[in-house]
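**Student:** predicted model and sequence below, questions to follow.
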Amino acid sequence: MGVELQHPMKPELKPDEAARGRFVSGIRSFILNDLAGDLRTAYDKRAAPAFARETGRAPETSNEAHKALRGDAAFNIYSAMRVQAQKMVWNAAGSVVARDIARMEAEAAKVEGASGSLTLNPDLDIPRNIDGIEVHLMPGSYTRGGDSLEAGAVYDQGLAVFSMGLMGANLDDIGLSMAAYVSGKFPDFRPEHILDTGCTIGHNTLPWKQTYPEAHVEAIDAAAGGLRYASARAKMQGQEVHFRQMSAEALDYEDASFDLVFSSMFLHELSRKARTAAFEEAYRVLKPGGLLLHMELPPNGQMNAFDGFYLDWDSWYNNEPFYKGFRDEDPKELCEKGGFDPDDYFQFVVPSIGVYGADAVTDAIADEAANAVDSETTGRLAEGIMWFGFGAWKR
């Protein structure tokens, strides 16, 4: 099970640390595949029938599926093990980084003069969702260690363990899959200026530079430590990206500055107010003919009750307070409220390029039926992962 990062900025693992990471990944794989299957069986055979006997109908929403399952033994075992496994992920990553942080700081210093840039803003008012909430149970959240590399390094190593190899050797499978879809679906679209909002450590930013090497690529986030790590990470991979500290809901760019505005797994960590502002800002900084593209969790409105509940689990038990609120919204309406014409909205489901290969992405582009998101593989970090994307063109 691949959990060891391949880029040169990675923490250096001792054999026992690598083994610990594989062990935790193995537990997570068991939970998200085997125990998740048991949970679905419990829902179909016990919880949903009991709900129907009480109400005269089957569960129709994520909330009703959740209500039906609460207290069931399969639900209790799944939830307890998943919470503990999540804590194990961050404990494993934190101990590695604590031991290796001095070496990593020294290595980062060696590439400060390489192509690319890092611009921090010490006066930025850090949003509460960045430093006031230990999102997905990550101790210290995105501001752990202040301006040091700690938060970025812990996130990188933690996500490697967390993702069980499904996000690629450098955690860039989302970016690679999205970029492959866009470049294949819209071959005449050649963005010259690209912006990644909420980039964290830039893991899904770099594929855009790799796909469009002549483009000027900028990436923003509100957390300084993660950006320091992201910049060193990109430079060590020979990728020229310009990282800046700012909030997506208040972009420090002129109108019509970018051809493509992108984000990955970002919107569900914003409050409704911040999310609305982020769409408005993206519309403002896009050029006419530009593209807004978000990779995110699929919406509840396009999923059945159980699969919607399965994804919403994180909102209740993984310290993701804005998660369900986002999933209950309509992505097309979000774009429209941001200023985009509803006729210019589109969405798609793309197979993981790392799991299925480039030919599967090409097939998804040609198959309009692939746009259906009501599937237990869409958005779920488990065997058979498929990524959901949506966005709109600016006229």
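**Tutor:** Received the coordinates, thanks.
**Student:** quick one: which helix or strand includes Asp259?
**Tutor:** Using DSSP states H and E, Asp259 maps to strand 258-264.
**Student:** right, and the helix or strand after that strand?
**Tutor:** Moving toward the C-terminus from strand 258-264, the next helix or strand (DSSP H and E) is helix 272-285.
**Student:** what sits up against that next one?
**Tutor:** 127, 129, 195, 197, 247-251, 253-258, 261, 267, 270, 292, 322, 325-326, 329, 334-335, 337-340, 394 (C-beta atoms under 8 Å, 6 or more residues apart in numbering). Quick note: C-beta positions are derived from backbone N, CA and C, even for glycine.
**Student:** next, the angle from it to strand 258-264.
**Tutor:** Here helix 272-285 points in a direction 150 degrees away from that of strand 258-264 (axes from the mean of the first three to the mean of the last three C-alpha atoms, to 10 degrees).
**Student:** could I get helix 272-285 in PDB with only the CA atoms?
**Tutor:** The C-alpha coordinates for helix 272-285 follow below in PDB (Å, rounded to 0.1, in the frame of the first residue of the first chain):
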ATOM      1  CA  ARG A 272     -21.700  29.700   3.500                       C
ATOM      2  CA  LYS A 273     -20.800  33.400   3.600                       C
ATOM      3  CA  ALA A 274     -17.200  32.900   2.700                       C
ATOM      4  CA  ARG A 275     -18.200  30.400   0.000                       C
ATOM      5  CA  THR A 276     -20.500  32.900  -1.600                       C
ATOM      6  CA  ALA A 277     -17.800  35.600  -1.600                       C
ATOM      7  CA  ALA A 278     -15.300  33.100  -3.100                       C
ATOM      8  CA  PHE A 279     -17.500  32.500  -6.100                       C
ATOM      9  CA  GLU A 280     -18.100  36.200  -6.600                       C
ATOM     10  CA  GLU A 281     -14.300  36.900  -6.400                       C
ATOM     11  CA  ALA A 282     -13.600  34.000  -8.800                       C
ATOM     12  CA  TYR A 283     -16.000  35.500 -11.300                       C
ATOM     13  CA  ARG A 284     -14.400  39.000 -10.900                       C
ATOM     14  CA  VAL A 285     -10.900  37.900 -11.500                       C
END
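**Student:** coming back round to it: are any of the contacts of helix 272-285 buried, and if so which?
**Tutor:** Using 16 or more other C-beta atoms under 10 Å as the burial test, these include 127, 129, 195, 197, 247-249, 251, 253, 257-258, 261, 267, 270, 292, 322, 326, 329, 334-335, 338-340, 394 as buried.
**Student:** so, low pLDDT: which residues of the protein?
**Tutor:** Scanning the chain for pLDDT under 70 picks out the ranges 1-3, 370-371, 374.
**Student:** in the chain, which residue is closest to the centre?
**Tutor:** For the chain, the residue nearest the mean C-alpha position is Met265 (2.8 Å; C-alpha atoms, centre = their mean).
**Student:** which positions in stretch 80-94 come out as buried?
**Tutor:** By neighbour count on 16+ other C-beta under 10 Å, the buried set for stretch 80-94 is 82, 85-86, 88-90, 92-94.
**Student:** which other residues reach that stretch?
**Tutor:** By C-beta under 8 Å, 6+ apart, the residues outside stretch 80-94 that reach it are 17, 20-21, 24, 27-28, 31-32, 35, 136-139, 154-155, 157-158, 161-162, 313, 317-318.
**Student:** longest single helix anywhere in this protein?
**Tutor:** In the chain, assigned by DSSP state H, the helix with the most residues is helix 73-110.
**Student:** state the distance from Ile385 to Val89.
**Tutor:** 18 Å (C-beta to C-beta, to the nearest Å).
**Student:** kindly apply the preceding question to Glu320 instead.
**Tutor:** Separation of Glu320 from Val89 (C-beta to C-beta) stands at 15 Å.
**Student:** and if you look at Pro298?
**Tutor:** When Pro298 is compared with Val89 (using C-beta to C-beta), they lie 24 Å apart.
**Student:** ditto for Ser247
**Tutor:** Ser247 is 27 Å from Val89, by C-beta to C-beta.
**Student:** same thing with Thr378?
**Tutor:** Separation of Thr378 from Val89 (C-beta to C-beta): 23 Å.
**Student:** try Val161
**Tutor:** For Val161, the distance to Val89 (C-beta to C-beta) stands at 5 Å.
**Student:** same question for Lys10.
**Tutor:** In terms of C-beta to C-beta, Lys10 sits 16 Å off from Val89.
**Student:** again, but for Gly225
**Tutor:** Taking C-beta to C-beta, one finds Gly225 at 19 Å from Val89.
**Student:** could you do Asp131 as well?
**Tutor:** For Asp131, the distance to Val89 equals 20 Å [C-beta to C-beta].
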